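1. Task: produce atomic coordinates for the following.
(chains A and B)
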Amino acid sequence: MPLLSSAIIAIIPACPVSATEGTFDGEIGISGLLTRVDGNKAKFNEYGDIMDGLYSTMRLNYQSDDYFLKVYASDIGYDTQKYGIEGGMYGSYKAYIDYSEIPHNYTFGAETIYAGAGTNRLTLKSPILPLSEWNSFDYSTKRESFDLGFSIDKWKPFFFELSSPHEQKTGTYPIGAATGASPSPGSSMVEIPQPIDYTTNSINMTAGYAKNPYYAALSLFYSQFDNANSLLYFDNPTGSGSSFGSTSVPSAYSLPPDNETYKVAFKGSVKLPYNSQFTTNLATGKTTSDGNVLLAPTSTLGPVFNGTVDTDNVDLVLFSNPVRLLDVKVFYKYDDRRNESDQLTIAGVTNDLFGYEKSKFGVDLGWNLPAKFKLETAATYVDTTRQTTDYIPETKDTILSSELKYRGFDSITPKIGYEWMQRSANQGPFDPTNIDAYVWAFDVAPKTQNTVKASVDIYPFTDLDLNIGYKYIDIDYPDTVLGLRGSTSNQINFDVGYTFGKIAKINAYYDIELQNNFQFQRSFTNIANPSTQDINDYNWDLTLKDNSYSWGLGSEIYLIPKKVTLLLQFDYVNSNGNADFAYLFAPALTNGLNNSNIDIGNYDDYRLSSYSIKIRYTPTINYAFTVGYAYQCYNYDNAQLENYLMIQGTNYLTGAYANSNYNAQIVFTSFDYKF
Amino acid sequence: MKRKCIVLFLFPVSLLLLSYSLSTGGEDKQGTETKIGYVGAETCKDCHEKQYETYAKSVHSKVSAKGPALQDACETCHGPGAKHVEKGGGRGVNIFAFNKDVDPKERTAKCLTCHEDTRQLTNWKMSKHSDEDIACNDCHSPHAQREKLLKEDQPELCFECHKDIRSQSSRQSHHPIKEGLIKCTSCHDPHGTFGENQIKADTVNELCFKCHAEKRGPFMFEHPPVAENCLNCHTPHGSNHDKLLISNPPFLCQSCHDASRHPGTPYTSANLFTGSSPSNKLYGRACLNCHSNIHGSNASSALGQAFTR
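-> You can find the predicted model right below:
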């Protein structure tokens, strides 16, 4: 904050003000809140800092014929506080400084068997403390961002801009580690708080020329990331016999290494004859990291690993509008990621180096047809090759799409579109005894995707606006034997807004998305081929349903026009998921289990209801008083966190994300003064 | 590779040179002739006082900005007003009005007359908004009093059209868009970029790494779908599943991984906390209970390779 204050003081002389010609305006607001939150306060305040207290906002503007200065502040003193100042001379230069905070609260009151949560050394007492004596802490992070920059347009058509963001992220985040003995290390685990202490300093610079028919700009981006903790040390609660050390010798966890990245880019554009324009982007970058390798499972450091990834991006785009009937866009996009990192072999395991090369080209044609029809057609081809010692296929995508829009009606605009996409990929060497021969990762699997979308805007008269949209996506993975085989999605969005003259304004919305995924899997021990099943090798499938609904209703009722307004708002979000399992070899189901009692009916189900009522009184255009009440209720029901246990066998958890339900009530009043 | 890059570099450079030779010079035609048909801002103000006041407060009225104030004020954008005045006014009567009846391209062209020369709008034709015939005044108004002359604040303005995103951003796991802590324009440039979906980066991962710098690596062990595209597993605007995942582990992980032991094992209701055989592969954070370093690991051996340390 001292840095921000001095920077603000420094910028003001850059904007000389003249009281004779300039004008001031601004706004000051103070709000008072009384809150009551029952249940999970972290989820209620996931990105907020709402509590009993006074909140203030301030915005000041000064402008003269030549200069401007803006100062703003909000949520002063809270975890969501924001401050900024921007000033400059119209058409010549502009400078700004801003500071903001973003909290992210995951779980308050988590508990751990360890002492030292928030540090990079987690210690255990032996024997392990009883649950009642575990140490309490919060899973929460906070970003503090400070940014300053300026741009100069004084010597148009030349321009220059620079910004230098600095970000500090601190807090604690849940991770976990397997602590079981070989050959089943995952037979037990411990959830551990990871200390977050990240610093990122970046700089962006662009210099260029912009005047018809040319545009050219050269930019540089540089960013440095520092993690104050490269390792997290923790005692292993499993003790002797574990393949990960014992309570006397700490285990270690590798945390994100420090890194640096830079990117140099040229962007250019030029107008060509026949109402055409050519635009290009040429960029090259490098990201490096270095740090000692953790010789897992010990906490000993090994050789230095030098990570290096080079990237190149090329875009070439030609637009043309040779006749009014037709808009043409021809484009080529090339992205290359080359992994030049060290390849090290430690304990018989060598790291793969993953990279890819993606070439995309296509043509978009926009047809301005008679009678106010517009037809958009596009064809795109994408070729992605991947470099790695493991086999990951080259994929080739073909995408064809078209969209028809009609603007001929006065009060209705319909639109309909269709997209077809096909991905082809070659399977690696086929070994029927290897299960990998049957598995396709969905991101590279051959697939066919059909998308249909339609929407209609209806505005029969000026006071009514209505919109209905529909989208259907169907994805089929025809070559996949094991893995995700298909998914469908149906989305409907409906909106209506109506104004009752000077009496009231209402709006309502209703959104639905119904998502369906189908996976076919194999529990495999000896026989890979899915056509044969036995008690150790059998097939099963899973249908995941993930349905989302949200709707809301809002109104502004002008009780006394321009003086007293009643505002009502209701929003409801509902998710209903289901995991439907089917064993395709009945004898594999034992202990009273059958295909009817193994499903998970509460797969990320939740309901979030929010209501608010407020009355705003504006005696003059300069003053506004508001008083109101808001209520929010969140009920979350996810089977994976249901009946949460902190100790389950030899697994020690911390309560991360558990018990998210809350009810919150807020009474608020605010006073705003505009001048 | 190098050769390919040289060719790719030379192609645009040669096009630039070619265009220079074809260029007509691009000289501005400064109007020195008498302004026939223009009435001046004071006349406009007589009837449109409120609009004039908002114009007078906006950057468009500033002489230093070298915009309408140096040209014909209101009539720079709305065209000469003499006939409009003669006919006694009226919406769109012999005047250029920025309303739905006027072709969006014509409305946009009015703004581009000045703004095309700026770095912010040089990529306008790259924009999906341009393809969709969205006009500048669908989002901005020179008479609006908001930042960037927007008609409404973000994200409400964007949600007027992007209703599917509105719905997603309300879900239990979301970026803090509705909370106002990040804006749509933190990631997207509505005026066009070279990235997919108008993102402010050449690739998805490059964009995500601007805030999530710890995920950049490069790591000794990388998870290929992660290194290629964050959106293989995450959805950016909102999800019903924690961490913006497209599906919950272990089901998401099993979409790609099927092998002996746990990757191929069905984890059903029997494996929940209170099931007949609880499994740490399903309850809590499921696969991530052990494979927490799924974005990359600098630990050696099979433990690093499996992203468990």
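2. dump the residue contacts of B:Glu228.
-> Neighbouring residues of B:Glu228 by C-beta atoms under 8 Å, 6 or more residues apart in numbering or on different chains: A:Arg337, A:Phe354, A:Tyr356, A:Arg386, A:Asp443, B:Asn205. (C-beta placed from N, C-alpha, C; glycine too.)
3. Reformat these into JSON lines and put pLDDT next to each item.
-> As requested, the contacts of B:Glu228 are arranged in JSON lines below (pLDDT from 0 to 100):
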{"residue": "A:Arg337", "pLDDT": "97"}
{"residue": "A:Phe354", "pLDDT": "94"}
{"residue": "A:Tyr356", "pLDDT": "96"}
{"residue": "A:Arg386", "pLDDT": "92"}
{"residue": "A:Asp443", "pLDDT": "94"}
{"residue": "B:Asn205", "pLDDT": "97"}
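4. Just give me the residue right at the centre of chain B.
-> B:His188 (2.2 Å; C-alpha atoms, centre = their mean).
5. what residues are up against it?
-> B:Asn197, B:Gln198, B:Ile199, B:Lys200.
6. So what does the closest residue to the second one other than its chain neighbours have for phi and psi?
-> It refers to B:Gln198. Nearest residue to B:Gln198 in three dimensions, chain neighbours excluded: B:His188, at 4.8 Å (C-beta to C-beta, 6 or more residues apart in numbering or on different chains). Note on B:His188: backbone dihedrals following degrees, to the nearest 10 are phi -110, psi 150.
7. Show me what B:His188 is bridged to.
-> Legend: beta-bridge partners of B:His188 under DSSP bridges are B:Ile199.
8. what about it, distance to chain A?
-> Look at B:His188 and chain A: by C-beta to the nearest C-beta, to the nearest Å, they are 17 Å apart.
9. JSON lines for the contacts of B:Glu228, including secondary structure and distance to A:Asp605?
-> Shown next, in JSON lines, are these (DSSP: H, G, I helix; E, B strand; the rest coil; distance: C-beta to C-beta, whole Å):
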{"residue": "A:Arg337", "secondary structure": "strand", "distance to A:Asp605": "39"}
{"residue": "A:Phe354", "secondary structure": "coil", "distance to A:Asp605": "37"}
{"residue": "A:Tyr356", "secondary structure": "strand", "distance to A:Asp605": "38"}
{"residue": "A:Arg386", "secondary structure": "strand", "distance to A:Asp605": "38"}
{"residue": "A:Asp443", "secondary structure": "coil", "distance to A:Asp605": "27"}
{"residue": "B:Asn205", "secondary structure": "helix", "distance to A:Asp605": "32"}
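10. Out of the residues you listed, the closest to A:Tyr106 would be?
-> Distance ranking of the contacts of B:Glu228 against A:Tyr106, using C-beta to C-beta, places B:Asn205 first at 23.7 Å.
11. Just to check, the closest one is in contact with B:Asn229?
-> Yes: counting by C-beta atoms under 8 Å, B:Asn205 touches B:Asn229, with 6.5 Å between them.
12. Show the contacting residues for residue 249.
-> Defaulting to chain A. Per C-beta under 8 Å, 6+ apart, neighbours of A:Val249: A:Thr298, A:Ser299.
13. could you do chain B instead?
-> B:Arg285, B:Ala286, B:Cys287, B:Leu288.
14. By proximity to chain B, which residue of the stretch 201-350 of chain A wins?
-> Nearest residue of the stretch 201-350 of chain A to chain B: A:Gly307, at 3.1 Å (C-beta to the nearest C-beta).
15. B:Asp46 falls within a strand, correct?
-> No: B:Asp46: not assigned to a strand; according to DSSP: H, G, I helix; E, B strand; the rest coil it is helix.
16. got a pLDDT number for it?
-> We have a pLDDT of 91 for B:Asp46.
17. returning to what we had before: can you narrow the contacts of B:Pro249 to ones near chain A?
-> Residues of those in contact with chain A (C-beta under 8 Å from any C-beta of the partner chain): B:Arg285, B:Ala286, B:Leu288.
18. now, which of those residues sits nearest A:Ala265?
-> B:Leu288 (35.4 Å).
19. In three-state terms, label that closest one for me.
-> What three-state DSSP gives for B:Leu288 is helix.
20. On the three-state scheme, the residue of the stretch 101-250 of chain B found nearest chain A is what?
-> Chain A sits closest to B:Pro218 of the stretch 101-250 of chain B, with a gap of 3.1 Å, by C-beta to the nearest C-beta. Secondary structure for B:Pro218, judged by three-state DSSP, is coil.
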